[in-house]
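In: I would like to see how this sequence folds:
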Amino acid sequence: MSRSSNPGCRVVRPGNGYAGKQGLNYFEGIAAETVGSTGICMHLLTMPPGARAKAHLHESHETAIYVLSGEAHTWFGDRLEEHVVVKAGEMFYIPAGVPHLPANLSDSPCTAVIARTDPKEQESVVLLPELEGLVPADPFAPDQ
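Out: Below is the predicted model:
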């Protein structure tokens, strides 16, 4: 990270990573911990083929996702009953408190920019293990 001549402004070059509670690895980005932000965080996420997050919600912050490459399936709703595929060049919004489970079911990596309204991105993550079985490992297998 390099310091700008303007106090408080920072350039962050994703390099270091961290394991999120959700079961995915994020590249360090804009957050309270890295730049002292007070109302936003932004990270880069690359999901390898076959990667799947744990069912979870963010109890007190909204999430905006912009997919740079690949595509991600996301199940969402109280019982993960809704499903959407977000492709490169598309954006996806998740309100605070909405259970969701993203997965990369393709043979290619999926990379996305993720912005949240909580500067301490992992603070309001709530895991929902009771919803895990609602989305099978291969949700599109004929016998599922």
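In: in this protein, which residue is closest to the centre?
Out: Of all residues in the chain, the one closest to the mean position by CA atoms, centre = their mean is Ile114, 5.8 Å from it.
In: Report pLDDT for that residue.
Out: Listed pLDDT for Ile114 reads 93.
In: And for Pro99?
Out: On pLDDT, Pro99 comes in at 97.
In: How about Phe76?
Out: At Phe76, the predicted lDDT confidence score is 97.
In: for Gly17, same thing?
Out: Looking at Gly17, its pLDDT stands at 75.
In: next SSE after the helix or strand bottoming out on mean pLDDT in the chain?
Out: Every helix and strand of the chain was ranked by mean pLDDT, DSSP states H and E. The lowest is strand 2-3, at a mean of 48. Next helix or strand after strand 2-3 toward the C-terminus (DSSP states H and E): strand 10-11.
In: Can you spell out which helices and strands pack onto that following strand?
Out: strand 2-3 (3 or more CB pairs under 8 Å, 6 or more residues apart in numbering; DSSP states H and E). Just so you know, the C-beta spots here come from the backbone N, C-alpha and C atoms, and that holds for glycine as well.
In: does the nearest residue to Glu90 once chain neighbours are set aside sit in a helix, a strand or a coil?
Out: Sequence neighbours aside, Val67 is the residue nearest to Glu90 in space, at 5.7 Å (criterion: CB to CB, 6 or more residues apart in numbering). Using DSSP: H, G, I helix; E, B strand; the rest coil, the structure places Val67 in strand.
In: so what's Val67 up against?
Out: Neighbouring residues of Val67 by CB atoms under 8 Å, 6 or more residues apart in numbering: 86-92, 110-112.
In: Now, of those residues, which are buried?
Out: 86, 92, 110-112 (16 or more other CB atoms under 10 Å).
In: Against Glu90, how distant is the closest residue to Thr38 other than its chain neighbours?
Out: Spatially, and ignoring its direct neighbours in sequence, Thr38 is nearest to Pro119 (5.6 Å; CB to CB, 6+ apart). Distance of Pro119 to Glu90, given as CB to CB, to the nearest Å: 25 Å.
In: what's the answer for Tyr26, then?
Out: Tyr26 sits at a distance of 20 Å from Glu90 (criterion: CB to CB).
In: Pro109 now?
Out: For Pro109, the distance to Glu90 - CB to CB - is 16 Å.
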